[in-house]
Every structure is written in C-alpha cells, then in structure tokens.
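Colleague: below are the sequence and a predicted model for it; my questions follow.
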Amino acid sequence: MKWVTAVRLFFFCGLLVCFGCNKEGKLITVKGTVTLDEQPFEVGMVFFEQLNSTEKFQATLNNNGTFETKLPPGKYNCYIQNFMFKMQAEKGAAVSGIGGLSGKFIPVPEKYTKATTSGFTIEGPPEKVEFKMISKAQ
C-alpha cells in the first residue's frame, strides 16, 4: 500500500512540474509600425527589453515599416536599431535584412537606438503598437 501512495505522489509531482510551473506563460502576438517623420521606416529591427528581467526580444521591420512578434506578458522598454545594415548600404548594395526584406537605408536617430533614451515603452503588451520617431532636422 505504501508503494501505491509513493507512485501517486510521484505522479502528482510530475504533473505539477509539467503543467503548474510554466514560467514562460502565454505569448501575445504584437503587431506594430515604425515611422520616421510620419513615413514608414523601412530598414531596421525593433528590440524589446522586459523590465525586471533579463529577457530581450526582437522583430525585423518589413519594408513598409511594419513588424510582428510574440511577447510574454509584461512591461518593456523598446528601441530601434539598424546600424547592422549600414555597411551594406555604404557599398551601394540594396539593403536587405533577415528574410530577404529590403528597403532604403536611413540611420535611426541616436535617441531611438537605446532603451534608456528612446521613450518607447509598452505594457501588457498591447496587440498593436506604433513607434513614431522624429528626426532632428524636422
């Protein structure tokens, strides 16, 4: 009889590990747009740094300034970068990103390249996001 109790306890603990301790939780699909001076921003990546965590996520921009990714619930500081495509643009080549996406290379204004200075935060996260960048020239 003791072994039956032990087996039940072992089985119950296994269920807890499999189903009760999922730290990742539900992922939420986030769709968004990035603009610079009200025009779609074509080449770059959006980065999401989850607050109170070491988790970081990213999404590649499509050439119409849109992106889509999945994020766990939480609050995020966000920023945009595209320096990784600069060398390609300087060589005169068409700038293409991950998945063969291409567009016109325009450097991201410095303010928006860091989580601490961009001013972009999201919470939830929401299903739709819009990041509006403004150039210094404007």
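Modeller: Ah, there it is.
Colleague: what does the helix or strand containing residue 123 rub up against?
Modeller: In this assignment (DSSP states H and E), residue 123 forms part of strand 120-124. In this structure, residues lying in contact with strand 120-124 by C-beta atoms under 8 Å, 6 or more residues apart in numbering are 28, 30, 48, 73-80, 112, 129, 131. C-beta: built from backbone N, CA, C; applies to glycine.
Colleague: right, and residue 43 touches residue 62 too?
Modeller: No. Using C-beta atoms under 8 Å, residue 43 makes no contact with residue 62, being 9.9 Å away.
Colleague: who's more crowded, the two?
Modeller: With neighbours defined as other C-beta atoms under 10 Å, residue 43 and residue 62 compare such that residue 43 has more, 26 against 19.
Colleague: ok, for that one, nearest residue in space, not its chain neighbours?
Modeller: Beyond its immediate neighbours in the sequence, the residue positioned closest to residue 43 (C-beta to C-beta, 6 or more residues apart in numbering) is residue 103, lying 4.6 Å away.
Colleague: identify each buried residue in stretch 120-138, please.
Modeller: Residues of stretch 120-138 classed as buried: 120, 122, 125, 129, 131, 133 (neighbour count, 16 or more other C-beta atoms under 10 Å).
Colleague: off-centre distance for it?
Modeller: Using C-alpha atoms, centre = their mean, to the nearest Å, the mean C-alpha position of stretch 120-138 is found 12 Å from that of the whole chain.
Colleague: what mean pLDDT does it get?
Modeller: Averaged across stretch 120-138, the pLDDT comes to 90.
Colleague: with only the CA atoms kept, save that stretch in CSV.
Modeller: Presented in CSV, the C-alpha positions along stretch 120-138 are these (Å, rounded to 0.1, in the frame of the first residue of the first chain):
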residue,chain,number,x,y,z
PHE,A,120,9.2,53.9,-26.1
THR,A,121,7.6,51.6,-23.6
ILE,A,122,4.7,49.1,-23.8
GLU,A,123,2.9,47.2,-21.2
GLY,A,124,0.7,44.1,-21.5
PRO,A,125,1.8,44.0,-24.2
PRO,A,126,-0.9,45.5,-26.4
GLU,A,127,-1.8,43.8,-29.7
LYS,A,128,-1.0,46.9,-31.8
VAL,A,129,1.9,49.3,-31.3
GLU,A,130,3.1,52.4,-33.1
PHE,A,131,6.6,53.8,-32.6
LYS,A,132,6.9,57.4,-34.0
MET,A,133,10.4,58.7,-34.5
ILE,A,134,11.2,62.3,-35.3
SER,A,135,14.4,63.4,-37.0
LYS,A,136,16.4,66.4,-35.6
ALA,A,137,16.0,68.1,-39.0
GLN,A,138,12.3,68.5,-38.5
